[in-house]
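Trainee: heads up, no residue letters with this:
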């Protein structure tokens, strides 16, 4: 497959500001972003929050809390019951959030997510059909990989970002550093075992961003509607990203 990825804008912050400063009158703000702008926003923000449980109302609550903290991105795992309905609900009611579908295993489900309004498609492994669909439909892809061979295949196959998961199982941030030496041009997302303690190290090692689930969105915080708790965690991860890039 040819390399179909796009170059990220030099001024990535502009895309993020466009999302963050949008109002209800700009609806549907996220839907009007181009593939390049979404890539730029993901890279600029450096954090992809991942919802792995809960209802449509729970996911919407999380999206709104994260947006207030400066993260206009949310990945809905397809491992959640009724995941496509949840994704559609958040797309409809949180128009300034860039909503993506995660843990995709085949192009058929990816197509349903696209029809539901997903703006990026993410996998936990090498699912080439998803990348091919995304390329055809001009959607951003976050392709999962682990070994060096898989990372090379994902990047050369056209993925916009390669999610290295689970990082903790193969050496953590030192493994990210090794991958960047072998493939410096790849835009890597560290996921699996990323927490407040390790976040900055992953970025400093060369990861362009972090995929974070319960360490950023605790189950208890969702159930008790603790928006301030989620926002504080979000700010800590954003600070870790900023510090790691210095």
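Mentor: Now that the structure is in, tell me what you want to look at. Keep in mind the model is a prediction, meaning the values are calculated, not measured.
Trainee: drop to CA atoms for contacts and neighbour counts, all remaining ones
Mentor: Fine.
Trainee: so how far is residue 166 from residue 235?
Mentor: To residue 166, residue 235 is 23 Å away according to CA to CA, to the nearest Å.
Trainee: center of this structure - which residue?
Mentor: Residue closest to the mean C-alpha point of the chain, counted by CA atoms, centre = their mean, is residue 48 at 3.4 Å.
Trainee: helix, strand or coil: sort out that residue for me.
Mentor: Here residue 48 is recorded as strand under DSSP: H, G, I helix; E, B strand; the rest coil.
Trainee: residue contacts, it?
Mentor: Contacts for residue 48 were tallied using CA atoms under 8 Å, 6 or more residues apart in numbering; they are 42, 73, 74, 75, 209, 210, 211, 212.
Trainee: and residue 101, by the same measure?
Mentor: When contacts are taken as CA under 8 Å, 6+ apart, residue 101 is in contact with 75, 76, 77, 78, 87, 110, 113, 118, 119, 120, 121, 122.
Trainee: report the beta-bridge partners for it.
Mentor: With DSSP bridges as the criterion, residue 101 is bridged to residue 76, residue 121.
Trainee: in terms of pLDDT, where does it sit?
Mentor: pLDDT for residue 101: 98.
Trainee: now do residue 30
Mentor: 74.
Trainee: distance of residue 228 relative to residue 216?
Mentor: 12 Å.
Trainee: show me where this protein has strands.
Mentor: Taking DSSP state E, the strands of the chain run over residues 47-51, 73-77, 98-104, 120-123, 140-145, 161-164, 188-191, 209-212.
Trainee: what residues of stretch 197-205 count as buried?
Mentor: 199, 200, 201, 202, 203, 204, 205 (16 or more other CA atoms under 10 Å).
Trainee: my bad, stretch 99-118
Mentor: So for stretch 99-118, counting by 16+ other CA under 10 Å, buried means 99-105, 107, 110-111, 113-114, 116-118.
Trainee: cool, stretch 146-153 as well?
Mentor: In stretch 146-153, counting by 16+ other CA under 10 Å, buried: 146, 148, 150, 151, 152, 153.
Trainee: the fifth one and residue 183 touch, don't they?
Mentor: Yes: shown here, residue 152 and residue 183 form a contact pair, counting by CA atoms under 8 Å, at 7.4 Å.
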